[in-house]
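Novice: Pasting the sequence and the predicted model now:
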Amino acid sequence: MDAHPLRLKVQSVAAETPFIRSLVFGVDGGSVPEWQAGAHIRVSLPSGGDRPYSLMALPDLPEGTLALGVLREQQSTGGSQFMHALKVGDVVTATGPVNNFGLHEDRSPALLFAGGIGITPILSMAAKLKAQGIPYRVHYAGRTEGLLAFLPQLQTICAESLSVHYDSDDSRLDIAAALGDAPAGAHVYACGPAGMIDAVKAAALARGIPADRIHYELFKAEQPSSPDKPFEVELKSTGQVVTVAAGQSIIQALEAAGLDVLYDCQRGDCGICQCGVIEGVPDHRDVILSDDEKASNKVMQICVSRAKSERLVLDL
Ligand code: FES
């Protein structure tokens, strides 16, 4: 099955800040797939691999289109540079929508925290909550004025339910104070850099909000890395050897070989695909293992991590 079945044609591009662009796509030869607030698609890159981008329910989005917000990374390994170079009429391929960050459907009030480009799923969630008449507040934080994208659109959606915070002045986000105003039974959602998510999680737990009401999606800057090389994976149970091509994940290679593999996020942050390493040296690219676990080379996340050695023997 084609991992990137959607053909998306750029309909418009707009500079939202000096570093963030919005891209609106029509679906070439098909209709827009259904998606829910918090969902993302993965856009394939010409250099191999793909990158996740959250779908945005922008208020003025034309019927039959999808919108993404893309930050141009300083240390880009190609993904954000490629996305920023797209022009009207260009076509990219992408996966269908996947949602690991959906709103809970119990109609509880919601407190939403966004840091920087982490606003992209949060904007869609605010639009959905508003449409459903569920009380919510968005806290949107960034370094300084002029660097926060989609503010006019957020003001249209949220009006009084939006609080904007700049690190550079007195409006700086005070997470504990924001949580202090949380209505009883509220769900907390956070998307942004790891430091902000950790701070929201810690403050919410300290305030007595149960862990199953704290939801987050990590926005992780692209890490510079060497170009992907092919390598081999040997399955310990059967001795079968599968070649993982450049631009293909271990999971994709195993599935192409007809094997059943357990996985979920495919971003290296849920841990579902974790696998024991019997021999060989993994190239860890996940965000879930601790530094010690990575250094031990005893386990790896086979959705994103690759190999530094020519062959890995995995406990499969
Ligand atoms: S599928 Fe989530 S870490 Fe691999």
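Specialist: Received, thanks.

Novice: What helix or strand is Ala184 located in?
Specialist: In this structure, Ala184 sits in neither a helix nor a strand according to DSSP states H and E.

Novice: ok, now Cys191?
Specialist: Assessed by DSSP H and E, Cys191 sits inside strand 187-192.

Novice: Show residues contacting that strand.
Specialist: Strand 187-192 is contacted from outside by 54, 101, 103-104, 108-122, 125, 141, 179, 182, 196-197, 200-201, 204, 209, 213-219, using CB atoms under 8 Å, 6 or more residues apart in numbering. All C-beta spots, glycine's among them, are computed from the backbone N, C-alpha and C.

Novice: Same question for stretch 111-118.
Specialist: By CB under 8 Å, 6+ apart, the surrounding residues in contact with stretch 111-118 are 20, 69-71, 122-123, 125-126, 136-143, 147-149, 173, 175, 178-179, 182, 186-193, 196, 200, 217, 219.

Novice: next one: stretch 9-18
Specialist: Contact with stretch 9-18 is made by 21-28, 62, 65, 69, 86-92, 146-150, as judged by CB under 8 Å, 6+ apart.

Novice: repeat that with 6 Å
Specialist: For stretch 9-18, the surrounding residues in contact (CB atoms under 6 Å, 6 or more residues apart in numbering) are 21-26, 28, 86, 88, 90-91, 147, 149-150.

Novice: In strands, which of the contacts of strand 187-192 fall?
Specialist: Members of the contacts of strand 187-192 lying in strands (criterion: DSSP state E): 54, 110-115, 141, 214-218.

Novice: For the stretch 51-200 of the chain, which residue gets nearest to the ligand?
Specialist: The nearest approach of the stretch 51-200 of the chain to the ligand comes at Asn100, 8.6 Å away (CB to the nearest ligand atom).

Novice: ok, how many other residues are close to that residue?
Specialist: A count of nearby residues for Asn100, using other CB atoms under 10 Å, gives 17.

Novice: Nearest spatial neighbour of it, chain-adjacent residues omitted?
Specialist: Closest residue to Asn100 apart from its sequence neighbours, by CB to CB, 6 or more residues apart in numbering: Cys265 at 5.3 Å.

Novice: For that neighbour, give me the pLDDT.
Specialist: Here, the pLDDT recorded for Cys265 equals 72.

Novice: Likewise for Gln74?
Specialist: Confidence at Gln74, expressed as pLDDT, is 64.

Novice: swap in Ala221?
Specialist: Note for Ala221: predicted pLDDT of 45.

Novice: What segments of the stretch 1-150 of the chain are strands?
Specialist: Secondary structure of the stretch 1-150 of the chain (DSSP state E, counting those that start in this stretch): strands located at 6-15, 20-27, 40-44, 50-54, 65-71, 91-94, 110-115, 136-142.

Novice: and the angle for the last one with strand 187-192?
Specialist: Translated: strand 136-142. Going by axes from the mean of the first three to the mean of the last three CA atoms, to 10 degrees, strand 136-142 is angled at 20 degrees with respect to strand 187-192.

Novice: The third one too?
Specialist: Using the same axes, to 10 degrees, the direction of strand 40-44 lies 20 degrees away from that of strand 187-192.
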